[in-house]
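Asks: Here's a sequence, model it:
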Amino acid sequence: AMTVYSLGKTFLWPTMLGVVGERFPKGGALTMGAMGGIGMLSAGLLGGPGIGYNQDYYATQKLEQLSPQAYERYAVADKSSFLFLPEIKGLDGSKVSVLKNDGKDLTEAVEVLKKENKQDASISALNQWWQGAEKFAPKDEPDVKEAGIYGGRMALKCTALVPLFMAFGYFILVLYFRSKGGYQVEVLHGKEPEGEHYTGGVEGPVK
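Replies: Sure thing, here's the model as predicted:
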């Protein structure tokens, strides 16, 4: 999956811009900018949330299999979804972070608030949760860690499908251009040059 994704990241995306520049030169910078903008918007609006959803989906499935009790402790309160995909209750990142460092950062944050005589609702709620979940931490930690790794791997596999489909699309383009007689230079103005005119050659005098 990593190999497929890396090939798509380093080759297929810049190749797309190259194809646009070669086959649609009249569009100029506007067409190139539009293609780049579409790619960036797709990555931001669909790519990021989609990868996050896949990671949460597979991580929650794995943790439910390993330990349903741990899943209930570390799942977020509200369900979320992506496009038409089913709703899920992903893992709470703040709770997972507390588990990873055994509550040390949370304890320090609580102490700082006490010294400054301040209140923070989110930290107070997280600390209250940790008071009940701390005793299960030794058992929950390996399961939560395994679920997170599994979710990340599955998200990468799903993401690798994108450059795979792009490669298939380029293969179709190769067949299309071959059916048209191979590479043809796009002429922006005037008539298409022939023969030696490609290299600036002209017909010599004939006696």
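
Asks: Count the neighbours of the closest residue to Q119 other than its chain neighbours for me.
Replies: In space, Q119 comes closest to L113 once its chain neighbours are excluded; the distance is 6.9 Å by C-beta to C-beta, 6 or more residues apart in numbering. (Glycine included, C-beta is placed from N, CA and C.) For L113, the count of nearby residues is 15 (other C-beta atoms under 10 Å).

Asks: Could you say which helix or strand holds L113?
Replies: Mapping L113 onto the secondary structure by DSSP states H and E places it in helix 104-115.

Asks: Following the chain onward from that helix, which element is next?
Replies: On the C-terminal side of helix 104-115, the nearest following helix or strand under DSSP H and E is helix 121-133.

Asks: List the buried residues for the very next helix or strand once past that next one?
Replies: Counting by DSSP H and E, the next helix or strand C-terminal to helix 121-133 is helix 137-159. Of the residues in helix 137-159, those with enough neighbours to count as buried (16 or more other C-beta atoms under 10 Å) are 137, 140, 143-144, 147-148, 150-151, 154-156, 158-159.

Asks: Using CSV, list the CA coordinates for the helix or strand hosting S97.
Replies: Applying DSSP H and E as the criterion places S97 in helix 93-100. Output of helix 93-100 as CSV, limited to C-alpha atoms (Å, rounded to 0.1, in the frame of the first residue of the first chain):
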residue,chain,number,x,y,z
GLY,A,93,-8.1,11.4,20.9
SER,A,94,-7.7,13.2,24.2
LYS,A,95,-8.5,10.0,26.2
VAL,A,96,-6.1,8.0,24.1
SER,A,97,-3.4,10.6,24.7
VAL,A,98,-4.0,10.4,28.5
LEU,A,99,-3.7,6.6,28.3
LYS,A,100,-0.4,6.7,26.3
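
Asks: what angle sits between the helix holding L113 and helix 93-100?
Replies: 110 degrees (axes from the mean of the first three to the mean of the last three C-alpha atoms, to 10 degrees).

Asks: got a list of contacts for helix 104-115?
Replies: Outside of helix 104-115, the residues that reach it under the criterion C-beta atoms under 8 Å, 6 or more residues apart in numbering are 97-98, 119-120, 123, 126-127, 130.

Asks: pLDDT below threshold where in the protein?
Replies: Segments of the chain classed as low confidence (criterion: pLDDT under 70) are 1, 9, 188-207.
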